[in-house]
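> Okay, sequence plus prediction incoming.
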Amino acid sequence: MSKYLYIFDAGHGGINPITQEYVTSGKRSPKPMKNGEVFYEGVNNLKLVVMLQEAFTKHRLDNTHTRCGWMDTSLKNRVDIANQLQDKRETIFISIHSNGAGDGRDWHPAHGISVYTSPGETRSDAFAELWMDEIKKEFGDSVRYRTDYYSDGDADKEANFYVLRNTKSPAFLCELGFHSNQEEVERINTDEWRNSVVNAFVEWAFKMEGK
């Protein structure tokens, strides 16, 4: 048994297999990518979580999830799952997302990776900062890191997101690039990008486990 149970939260929903419609309003690229397809954040979030679970299982790191299918899960249900598990053993809640900016109709220049914790000093801050360290090692100078050093001296940004402020366990939310940026979304939508994210998470978890 690993020291922590890692709970992966794939943000938003997926594609309804009957209607072929994306079930989450917004949360997509403003225009099709070069391959002619629209990038749906919720679909990519779940792809990443599946890859993370496979990698963590391979390395004998206990893990679970809050969403495994196309249907969206309410924020309350996501938190309830995490809190019920936290009552049984020590957990870390990690919400997986990509970011968006602009009006949803045109490409926007904002780009980069960021990590959020709830406001104030909590145990989550150190976990999130360590995660950002591993992301930087994996991606190097190829991406922008949207940190909050200027305000409180650490890498994580602070936000009053429901899934962060209501979880009993340490929790952080990752924004893994901007799907509203034409160049960046092409990178996000590749196994190379996703594999780099997974590698960073595994190395982070090894640090968490003291390996």
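Cool, got the structure.
> For the residue most central in space within the chain, what are phi and psi?
What sits nearest the mean C-alpha location of the chain, by Cα atoms, centre = their mean, is residue 96, with 1.8 Å. Here is the backbone geometry of residue 96 (degrees, to the nearest 10): phi -100, psi 130.
> Would you enumerate the residues in contact with it?
By Cβ atoms under 8 Å, 6 or more residues apart in numbering, the residues touching residue 96 are 8, 9, 10, 11, 45, 48, 49, 52, 174, 176. Every C-beta, even on glycine, is put in place using the N, C-alpha and C of the backbone.
> Same check on residue 98?
Residue 98 neighbours (Cβ under 8 Å, 6+ apart): 41, 44, 45, 175, 176, 177, 178, 179, 188.
> between those, which is nearest residue 115?
Lowest distance from residue 115 to the contacts of residue 98 (Cβ to Cβ) belongs to residue 175, with 7.3 Å.
> I'd like to know how far that closest one sits from residue 98.
When distance is defined by Cβ to Cβ, to the nearest Å, residue 175 is 6 Å away from residue 98.
> cool, residue 194 as well?
For residue 194 relative to residue 98 (Cβ to Cβ), the value is 11 Å.
> And the pLDDT at the residue nearest to residue 104 when sequence neighbours are not counted?
Nearest residue to residue 104, sequence neighbours excluded (Cβ to Cβ, 6 or more residues apart in numbering): residue 30, at 5.4 Å. According to the prediction, residue 30 has pLDDT 98.
> how close does residue 30 get to residue 198?
27 Å.
> Give me the three-state assignment for residue 116.
Recorded secondary structure, residue 116: strand (DSSP: H, G, I helix; E, B strand; the rest coil).
> What is the neighbour count of it?
23 (other Cβ atoms under 10 Å).
> Residues in a beta bridge with it, which ones?
Beta-bridge pairing for residue 116 (DSSP bridges): residue 157, residue 173.
> Wait, it touches residue 175, no?
Yes: assessed by Cβ atoms under 8 Å, residue 116 is found in contact with residue 175 at 7.2 Å.
> and the contacts of residue 96, which are buried?
Taking 16 or more other Cβ atoms under 10 Å as the criterion, what is buried in the contacts of residue 96 is 8, 9, 10, 11, 45, 48, 49, 52, 174, 176.
> JSON lines for those, including distance to residue 103?
JSON lines is the format used below for the buried ones among the contacts of residue 96 (distance: Cβ to Cβ, whole Å):
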{"residue": "8", "distance to residue 103": "31"}
{"residue": "9", "distance to residue 103": "27"}
{"residue": "10", "distance to residue 103": "26"}
{"residue": "11", "distance to residue 103": "21"}
{"residue": "45", "distance to residue 103": "22"}
{"residue": "48", "distance to residue 103": "26"}
{"residue": "49", "distance to residue 103": "29"}
{"residue": "52", "distance to residue 103": "32"}
{"residue": "174", "distance to residue 103": "24"}
{"residue": "176", "distance to residue 103": "22"}
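> Which secondary structure element is home to the nearest residue to the residue nearest to the centre of the chain once chain neighbours are set aside?
Spatial nearest neighbour of residue 96, chain neighbours left out: residue 45 (4.8 Å); criterion: Cβ to Cβ, 6+ apart. For residue 45, the element it lies in under DSSP states H and E is helix 41-58.
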